[in-house]
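Novice: Pasting the sequence and the predicted model now:
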Amino acid sequence: MKMKEVLRLLLMMLWLGQFAMAQVPFPVSGGNAGDLLSDPIFRKAIALRDNFYNEHAVAEFRRIAQAHPNTEFEAAALVGEAQELHSWANKAEREGDSALATQLRAERDDRWMDIAERYPDTKYWFQARLGLIRGESQGMAELFTEVGVPTVEDIRVGRVSRIKGESIPIQYRTYILGTYLGMGDTDEEKVRFLLFVRQSFPDSSALDRLQYHFLGKIGGYETFDDTLDVTPATVEVLSPGLGSQVSPGQASLLVRAYDGDIRSRQIDLGSSAIELDGQDILSDCILESQIDAQGPLFEILTIRYTPATPLSPGLHTYRVAIKEAGDGQITEKIIPFMVTTTPPGPTTETLPATSDSTLIIREPHQNEGANPRLHLKKVTGKPAQVVVGFDTSGIDTTGLTKASLVLDIDSTQNVTGWGNGRAIRAQRLLTAWTEGNGKKLGLPNNQQSSGSGGGVTWFSPIDSNISNSQADSAANWNGGASYAAPSTAPTVTIKNHQSGEVIFDVTQDLLAGANHGWLITRDQDVGSQVTFLSKESGNPELAPRLILEYGGPIASAPTGGLLSQLGIHSFTNKLHPITGPSELRSIKQLVQESPTAILVVEHLLTETTRTSPVLGLATRVAYRSWVELS
């Protein structure tokens, strides 16, 4: 390292330790460090810059800085000067004048250091730090850690999936967001960064960028015209049901929204609204996004919200207003529901596996999707492990008390090598995989088949051609381990000669969104083996299954839930009390004391009688008269 570079590094270390004590002599506006360059006083400098008169542009930026000392114009001019020195140096390098390029880059770094020292804790300081780092990954990670936000690598590998946008200092927000949006080498990484940005900065243009990324891959930029999309977004409220009854701790919201293929307007979360009893809750929602660039739906957005504290008994209302991007339409849903302390009875639901297979490291491109058995063992000294998947898209987790993943041991196969008992675990998978139709492991030759088409292998979640013995996929998921979340289910101990069911408690996985099933592995890579029955075993009752236990049924029909508790017996021209005048008066008082309740119930009446306008009008008139009577 040259002496000049060493001195520059020492100076940088000196101001890094002291910048927090400095004071900026003027209030700093919001936005980017370059926003002020649109002011008329920079008109000449910008014209010179845009026409590649680098030396004259630098001189003009310096003149402006000297003419406006201790103002934000000075700060903006210094930023313009540093950026123009950078452009000038690159031009000199292209023209073969390395000496001039070196000199200009040294002046650029001096200017960035000057800005960082004079304007600490501002957008100008952050822009200068970025200029000094020049995209170097370690420096970026240190800078992001310094200002208290996730690093790019944290998001790339899935360590961080969401932060509150307001937790990012406002003066750095635009630059940090821009950095996140520029990341992702593979489609999977780009989607991961999209999800992070969608959840942390809902008003950003992340989805627009991803749309154009995929449009560029499949062609058709010239055919993209979102003004042709005249259909509003589809919004499905999966829970709570309209007018349903829930317990205080089971009032979670689950919404699915989507709006057409890649050439359609997509959902603008920044202009959308989600409210509980009139209070905005969008920033507290958990968002999940499924992207299919060539499918009929480009993005399926799932929105989940669970109140931080149990809701009080009585009437509550969710409002979901999802807006399309640009000048698109708004789709609005109002969901009234009643929180009650009456405990409902328990219910159980069983979901059969939709896919299962064995992954074999010894045969990394072999598919076992149609095998009647699932093997957790060693195959010629190398491990084999199991993947199982379920269709969880329609699951309502409201009131879910327990979710159990159940596998049945094949009684015809020996369970050996487990000693006094060793642990196996279930880990939630984070990426989609395809079952496939191959079958070889443990089968007679006349029953074996390599299969055809796509399928899961040790190497890939979706090998496009399982009929050969080579990789037909760029994604190496390392037997699922590279795309498996840390286990939340307690491990299960397997012992020699064990039989019957093996059960994992995957409740937390399901609440977190187990869209891609589970990976079943051993804690220790030993010579033990256990074989489970797959869904192709011919015995559906012993195939892998997911058992869901709920605290009790949640009514979805409005006439038997909320309306009954409001004293309305049936939809006729007259409204009848449930048990007598005293109960009717108490219900009326409850409604009269809440204008929101009055409107919500009327909305519910309108929705329920939509197919009969005459009945709807008569019912609303009777309802209003009933509310107004003292």
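Specialist: Looks like it arrived, so ask away.

Novice: So which bits of stretch 107-116 are buried?
Specialist: Within stretch 107-116, the residues that qualify as buried by neighbour count (16 or more other Cβ atoms under 10 Å) are 107, 108, 109, 111, 112, 113, 115, 116. (Each C-beta comes from the backbone N, C-alpha and C, glycine too.)

Novice: From the chain's centroid, how far away is that stretch?
Specialist: 38 Å (Cα atoms, centre = their mean, to the nearest Å).

Novice: returning to that earlier point: can I get the buried residues of stretch 107-116 in TSV with secondary structure?
Specialist: What follows is the buried residues of stretch 107-116, written out as TSV (DSSP: H, G, I helix; E, B strand; the rest coil):
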residue	secondary structure
107	helix
108	helix
109	helix
111	helix
112	helix
113	helix
115	helix
116	helix
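
Novice: okay if I get those residues as JSON lines plus distance to residue 522?
Specialist: Conversion of the buried residues of stretch 107-116 to JSON lines gives the following (distance: Cβ to Cβ, whole Å):
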{"residue": "107", "distance to residue 522": "61"}
{"residue": "108", "distance to residue 522": "56"}
{"residue": "109", "distance to residue 522": "54"}
{"residue": "111", "distance to residue 522": "59"}
{"residue": "112", "distance to residue 522": "53"}
{"residue": "113", "distance to residue 522": "55"}
{"residue": "115", "distance to residue 522": "56"}
{"residue": "116", "distance to residue 522": "52"}
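
Novice: Out of these, show me where the pLDDT dips lowest.
Specialist: Ranked by pLDDT, the buried residues of stretch 107-116 bottom out at residue 116, which scores 91.

Novice: so where's the stretch 251-400 of the chain shaky on pLDDT?
Specialist: Within the stretch 251-400 of the chain, the segments meeting pLDDT under 70 span 342-345.

Novice: Okay, helices next: where are they in it?
Specialist: In the stretch 251-400 of the chain, no helices are found when defined by DSSP state H, counting those that start in this stretch.

Novice: looking at the protein, which helix or strand is least sure?
Specialist: The least trusted helix or strand in the chain, going by mean pLDDT, DSSP states H and E, turns out to be helix 562-565, with a mean of 39.

Novice: Show me which helix runs longest in the chain.
Specialist: Ranked by residue count, the top helix of the chain under DSSP state H comes out as helix 72-94.

Novice: So which bits of that helix are buried?
Specialist: Applying a neighbour-count criterion of 16+ other Cβ under 10 Å, the buried positions in helix 72-94 are 72-89, 92.

Novice: What is the burial count for the residue lying closest to residue 35 once chain neighbours are set aside?
Specialist: For residue 35, the nearest residue in space outside its immediate sequence neighbours is residue 29; the separation is 7.3 Å by Cβ to Cβ, 6 or more residues apart in numbering. Counted with other Cβ atoms under 10 Å, residues neighbouring residue 29 total 13.

Novice: And residue 93, what's its pLDDT?
Specialist: As summarised for this prediction, residue 93 has a pLDDT of 94.

Novice: same deal with residue 486?
Specialist: In this model, residue 486 is scored at 87, pLDDT.

Novice: And the one 3 residues further on, by the same measure?
Specialist: With respect to pLDDT, residue 489 has a value of 90.

Novice: Might you report the residue contacts of the residue lying closest to residue 236 once chain neighbours are set aside?
Specialist: Using Cβ to Cβ, 6+ apart and skipping residues adjacent in sequence, the residue nearest residue 236 is residue 256, 4.5 Å away. For residue 256, the contacting residues are 235, 236, 238, 300, 301, 302, 303, taking Cβ atoms under 8 Å, 6 or more residues apart in numbering as the criterion.

Novice: Residue 32: how many residues sit nearby?
Specialist: 15.

Novice: Would you agree it is in contact with residue 126?
Specialist: No: with the criterion set as Cβ atoms under 8 Å, residue 32 and residue 126 do not qualify as a contacting pair; they are 10.1 Å apart.

Novice: Give me the common contacts of the two.
Specialist: Counting by Cβ under 8 Å, 6+ apart, the residues touching both residue 32 and residue 126 are residue 175.

Novice: hmm, back to that, just checking, what packs against the longest helix of the chain?
Specialist: helix 43-50, helix 54-67, helix 98-118, helix 123-133 (3 or more Cβ pairs under 8 Å, 6 or more residues apart in numbering; DSSP states H and E).

Novice: From the chain's centroid, how far away is it?
Specialist: How far helix 72-94 lies from its chain's middle: 38 Å, per Cα atoms, centre = their mean.

Novice: Output it in PDB, but only the C-alpha positions, please.
Specialist: Taking only C-alpha atoms (Å, rounded to 0.1, in the frame of the first residue of the first chain), the coordinates of helix 72-94 have been written out as PDB:
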ATOM      1  CA  GLU A  72     -27.100  22.600   2.100                       C
ATOM      2  CA  PHE A  73     -26.300  24.000  -1.300                       C
ATOM      3  CA  GLU A  74     -22.600  23.600  -0.400                       C
ATOM      4  CA  ALA A  75     -23.200  20.000   0.600                       C
ATOM      5  CA  ALA A  76     -25.000  19.200  -2.600                       C
ATOM      6  CA  ALA A  77     -22.300  20.900  -4.700                       C
ATOM      7  CA  LEU A  78     -19.600  18.900  -3.000                       C
ATOM      8  CA  VAL A  79     -21.400  15.700  -3.700                       C
ATOM      9  CA  GLY A  80     -21.800  16.800  -7.400                       C
ATOM     10  CA  GLU A  81     -18.100  17.600  -7.500                       C
ATOM     11  CA  ALA A  82     -17.100  14.100  -6.100                       C
ATOM     12  CA  GLN A  83     -19.400  12.400  -8.600                       C
ATOM     13  CA  GLU A  84     -18.000  14.300 -11.500                       C
ATOM     14  CA  LEU A  85     -14.400  13.600 -10.400                       C
ATOM     15  CA  HIS A  86     -15.300   9.900 -10.500                       C
ATOM     16  CA  SER A  87     -16.700  10.300 -14.100                       C
ATOM     17  CA  TRP A  88     -13.700  12.300 -15.200                       C
ATOM     18  CA  ALA A  89     -11.300   9.700 -13.800                       C
ATOM     19  CA  ASN A  90     -13.100   6.900 -15.700                       C
ATOM     20  CA  LYS A  91     -12.900   8.900 -18.900                       C
ATOM     21  CA  ALA A  92      -9.200   9.500 -18.400                       C
ATOM     22  CA  GLU A  93      -8.700   5.700 -17.800                       C
ATOM     23  CA  ARG A  94     -10.500   4.900 -21.000                       C
END
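
Novice: now the angle from that helix to helix 123-133?
Specialist: Here helix 72-94 points in a direction 20 degrees away from that of helix 123-133 (axes from the mean of the first three to the mean of the last three Cα atoms, to 10 degrees).

Novice: any idea of the angle helix 72-94 forms with helix 43-50?
Specialist: Our comparison of helix 72-94 with helix 43-50, counting by the same axes, to 10 degrees, yields an angle of 20 degrees.

Novice: Assumed residue 530 was part of a strand.
Specialist: Yes: the assignment for residue 530 (three-state DSSP) places it in a strand.

Novice: ok, back up a step: select only the buried ones of the contacts of residue 256 in ChimeraX?
Specialist: For anyone working in ChimeraX, the buried entries among the contacts of residue 256, judged by 16+ other Cβ under 10 Å, can be selected with:
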select :235,238,300,301,302,303
